[in-house]
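Student: what follows is a protein structure lacking sequence information:
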């Protein structure tokens, strides 16, 4: 299994401030600022952001910054139709997002690799729920990081019937590469939303991990889930919602990380599924054996 490099001294130094920063307070300020309406300033901010982060505006359904009433509407912009073809075939798993692979591979005795020398358990990732974690103990996983420049809608990697949504409270550490290397169990400590699905090859979980300045997480069936920040796990059971591969299932309002869990251990990851390798929505991520 390929792993991110071990944390450097610089990684630890850059990560230290995140232990003391008021994560939720700062992120709620971002939430409000990104929803300010201004015909004068919103296009200016969008142009500066696009230049700073090398956002390809030509891929957007609406490439003109003047067309967006708030920064958040721009940030969660749809792409032009047909721009991201979804890999076809009943055995193929598609990338659910534009982003970069942080890690992928086998879940070993319930433990998931975060980076070299760092791991965490499926059980803690899923909120400490033994019965929820059980199907994935010896399954497979992929962690995909979305940078600020990426498309921030999240799509289904495979056909599934929604069984449950779990909101899990937590911190909002950054989930950039240096924090993934330096902060123990960061994905299992951050606020997150888990969507559990039944598929033709067993259980599948999509874990939408919040992070610093990720001011909101949404799903298409429940709308805005966070904010507000809560202090207890919230579980919602579903039965009738079915989503097809490639269909939108949620979005980040600012960038973060998606973790995929599969019950099936018989999964062959694509050659491009390796740390720091960019992926596009719809590309082949893996296939069921």
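Tutor: Happy to help now that I have it. As the structure is a computational prediction, the values presented were derived from the model and not from experiment.
Student: only C-alpha atoms from now on, for both contacts and neighbour counts.
Tutor: Will do.
Student: can you give me the end-to-end span of stretch 17-30?
Tutor: Stretch 17-30 has an end-to-end distance of 18 Å (criterion: C-alpha to C-alpha, to the nearest Å).
Student: oops, could you answer that again for stretch 9-22 instead?
Tutor: Termini of stretch 9-22 sit 24 Å apart (C-alpha to C-alpha).
Student: list of residues touching it?
Tutor: 173, 174, 178, 179, 181, 182, 183 (C-alpha atoms under 8 Å, 6 or more residues apart in numbering).
Student: for the fourth one, give me its contacts.
Tutor: Residues in contact with residue 179, defined by C-alpha under 8 Å, 6+ apart, are 11, 12, 14, 15, 173, 186.
Student: give the PyMOL command for selecting the buried subset of those residues.
Tutor: Here is the PyMOL selection string for the buried members of the contacts of residue 179, based on 16 or more other C-alpha atoms under 10 Å:
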select buried, resi 11+15+173+186
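Student: among the contacts of residue 179, which ones are in helices?
Tutor: Counted as lying in helices by DSSP state H, out of those, are 11, 12, 14, 15, 186.
Student: farthest pair in those residues?
Tutor: 14 and 186 (14.5 Å; C-alpha to C-alpha).
Student: nearest to residue 87 among the ones in helices among the contacts of residue 179?
Tutor: For those, the nearest to residue 87 is residue 186 (31.1 Å; C-alpha to C-alpha).
Student: surely the closest one meets residue 173?
Tutor: Yes. In this structure residue 186 lies within contact range of residue 173 using C-alpha atoms under 8 Å: 7.0 Å.
Student: need the contact list for the closest residue to residue 161 other than its chain neighbours.
Tutor: In space, and not counting its chain neighbours, residue 161 is closest to residue 242: 4.3 Å by C-alpha to C-alpha, 6 or more residues apart in numbering. Residue 242 is in contact with 159, 160, 161, 162, counting by C-alpha under 8 Å, 6+ apart.
Student: take these and keep only those in strands.
Tutor: Residues of the contacts of residue 242 located in strands (DSSP state E): 160, 161, 162.
Student: nearest residue to the first one in space, please, no chain neighbours.
Tutor: By that I understand residue 160. Using C-alpha to C-alpha, 6+ apart, the closest residue to residue 160 is residue 199 (4.8 Å).
Student: okay, and for the stretch 51-200 of the chain, where does confidence drop off?
Tutor: For the stretch 51-200 of the chain, the stretches with pLDDT under 70 are 116.
Student: just the helices in it please.
Tutor: In the stretch 51-200 of the chain, the segments counted as helices under DSSP state H, counting those that start in this stretch are 71-75, 122-125, 130-133, 177-182, 186-189.
Student: centre of the chain to the longest one, how far?
Tutor: Averaged C-alpha coordinates place helix 177-182 at 16 Å from its chain's average position (C-alpha atoms, centre = their mean, to the nearest Å).
Student: end-to-end on stretch 251-263?
Tutor: 24 Å.
Student: just the strands in the stretch 151-289 of the chain please.
Tutor: 153-155, 160-168, 192-199, 202-209, 216-219, 223-226, 234-237, 242-243, 248-253, 257-262, 267-269, 278-279, 284-288 (DSSP state E, counting those that start in this stretch).
Student: am I right that residue 244 is in contact with residue 197?
Tutor: No. In this structure residue 244 lies outside contact range of residue 197 using C-alpha under 8 Å: 11.3 Å.
Student: and the two? which has more neighbours close in?
Tutor: The neighbour count for residue 244 versus residue 197, taken as other C-alpha atoms under 10 Å, is higher for residue 197 (24 against 14).
Student: OK, contacts around that one?
Tutor: Applying C-alpha under 8 Å, 6+ apart, we find residue 197 in contact with 160, 161, 162, 163, 164, 203, 204, 205.
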